[in-house]
Structures are given as structure tokens and as C-alpha cells.
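Asker: structure for the following, please:
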Amino acid sequence: MIGVEAAPHTTLSPDHPTHTLDSVMDHFEYLEKLVGIDHVGFGPDTIYGDHVGLHNVYAANLSLKQATGAQSFERVEYVEGLENPTEGSRTIIRWLVKHGYSDEDIAKAMGGNALRVLGEAWS
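Answerer: Okay, here's the model as predicted:
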């Protein structure tokens, strides 16, 4: 299962080159099309905490500059639309509903897939 993160500076897309809910969801939709709804979800560990600090650790250890080339971006403190981590899950659900995902698929992406994988691993 792949959990899409929502830390600033890691969720840009060509269609949404700023750090917004839509750029995060671009990543989700790309993965959903690539591996299927049964294998994607969200990584809430990056919705909570020091997002910019997390990005700095990534940048220092994962050669992000090499991966992104000369692409530049505005540095921000949070992902627009996910400013309040406690509301983040509801915001993501509203986005999924607005974009036509079924209740079953939303349940999978919002934790059902993670619970299934953990259950399989722990049995």
C-alpha cells in the first residue's frame, strides 16, 4: 500500500505547481490509476507535525534537487487546504466526493486499505 504524503515541497505537480490540496490529490490520482484503489491511501504522519522540517530532512537525505532538476518553487509553511491537520481528513474526503469517488473507494483510501494490509501482515 502506498500512502500519499502532504508535506510542503514534496507534492507539486505540473497541473498544480503550488503546494495545495489539489497538488496532493494529483499524486493520489496518479497512484490510484497506476496501482488501483486497493493499494493507495494517505500518510497522515506527514499531515501532522513540522512539515517544513520534514521537507528539509528529505532534501538533505534524498537528493530531491537531483530528482527535480532545476525546478524552483515557493517555500511555504504548509499545504494550502491542509493547514489544519485535524480537518485534513475531512477536507480530503470532501475532495474525493466532489471528484466522483464512491463511498466504498473513499473508505478504502481513508484507512480501509491500511487496515487490510496490517491485518494480512499480522495474521
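Asker: give me the mean pLDDT for the host helix or strand of residue 93.
Answerer: Using DSSP states H and E, residue 93 maps to helix 85-98. Averaging pLDDT along helix 85-98 yields 90.
Asker: next structured bit after it?
Answerer: In N-to-C order, the element after helix 85-98 by DSSP H and E is helix 103-107.
Asker: and that following helix, what's its mean pLDDT?
Answerer: Average pLDDT, helix 103-107: 98.
Asker: show me where this protein has its strands.
Answerer: 2-4, 40-42 (DSSP state E).
Asker: wait, which of those strands is closest to residue 28?
Answerer: Nearest of those to residue 28, taken as CB to CB: strand 2-4 at 4.7 Å. All C-beta atoms are positioned from the backbone trio N, CA, C, and that covers glycine.
Asker: counting by contacts, list what the closest one packs against.
Answerer: With contacts defined as 3 or more CB pairs under 8 Å, 6 or more residues apart in numbering; DSSP states H and E, strand 2-4 has these neighbours: helix 21-35, strand 40-42.
Asker: winner for burial among the ones you listed?
Answerer: Here the criterion is mean neighbour count by mean count of other CB atoms under 10 Å, and of these the winner is strand 40-42, at a mean of 23.
Asker: against which helices or strands is that strand packed?
Answerer: Where contact means 3+ CB pairs under 8 Å, 6+ apart, strand 40-42 is packed against strand 2-4, helix 21-35, helix 113-122.
Asker: lowest-confidence stretch among the ones you listed?
Answerer: Mean pLDDT is lowest for strand 2-4 out of the helices and strands packed on strand 40-42, coming in at a mean of 91.
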